[in-house]
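Engineer: my questions concern the predicted model and sequence given below.
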Amino acid sequence: MLSALADLKTDRIPNGFILLGMVIGITGGILSGRGLSDILASMLPAFLLMYPLYMIGALGAGDVKLFVMIGSFQTVGDFFPILMGAFVIGAGFSLIKLAVEKNGRERFQYFFSYLCEVWRTGHWRIYGEDLKQDYHTYCKNKIHFAVPILLSTVCRIGGLF
């Protein structure tokens with residue numbers, strides 16, 4: 001929850017939150033009888049799946065680290081529903097934001113233009129990098145993904161999926 005609040009307030013997730021969470025997750029896992037290899041096996045997929053999204057600018061570094069931290073608490077079987085749930089909730093937030101901002105057509109044009117450029121050049125570039133020059137436009141076109149991650153985690157722990 002602290003990570004989501006920090007993301008909303010500062011647009012960043014402090015490394016201290018992530019590190020503390022990982023220490024608690026790993027220590028708690030070991031004390032409850034999970035082996036270190038099992039814990040790391042839950043953390044590794046988070047990194048391997050999310051890092052490419054970070055590299056193209058689709059996720060922030062804090063979001064990737066937050067998923068890795070959640071992996072320290074969850075088994076692989078519990079982690080994947082959290083991951084999928086976060087993306088479904090994030091998609092819902094994005095659709096709401098598109099409707100509120102009334103810029104759906106513009107965003108989809110930008111997205112398909114981006115994909116065409118990647119296809120044409122064969123090179124990935126950071127998605128939305130050119131928008132960061134205009135901070136207002138940049139903020140209008142992003143969601144704080146730590147919030148969907150939090151909601152998905154709470155839903156999984158609460159047994160909703």
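Structural biologist: Perfect, thanks for sending it. All values derive from a computational prediction rather than experimental measurement.
Engineer: isn't Ile30 up against Asp38?
Structural biologist: No - with contacts counted by Cβ atoms under 8 Å, Ile30 stays clear of Asp38, the gap being 9.7 Å. Every C-beta, even on glycine, is put in place using the N, C-alpha and C of the backbone.
Engineer: for this protein, what helix or strand is lowest in average pLDDT?
Structural biologist: Within the chain, no helix or strand scores below helix 135-140, which has a mean of 66 by mean pLDDT, DSSP states H and E.
Engineer: C-terminal to it, what's the next element?
Structural biologist: Counting by DSSP states H and E, the element after helix 135-140 in chain order, helix or strand, is helix 146-157.
Engineer: quick one: secondary structure of the nearest residue to Asn15 once chain neighbours are set aside?
Structural biologist: Leaving aside its chain neighbours, Asn15 sits nearest to Lys65 (7.3 Å; criterion: Cβ to Cβ, 6 or more residues apart in numbering). In three-state terms, and counting by DSSP: H, G, I helix; E, B strand; the rest coil, Lys65 is helix.
Engineer: in the lengthiest helix in the chain, what's buried?
Structural biologist: Longest helix in the chain by number of residues (criterion: DSSP state H): helix 76-101. Within helix 76-101, the residues scored as buried using 16 or more other Cβ atoms under 10 Å are 79-83, 85-86, 89-90, 93-94, 97-98.
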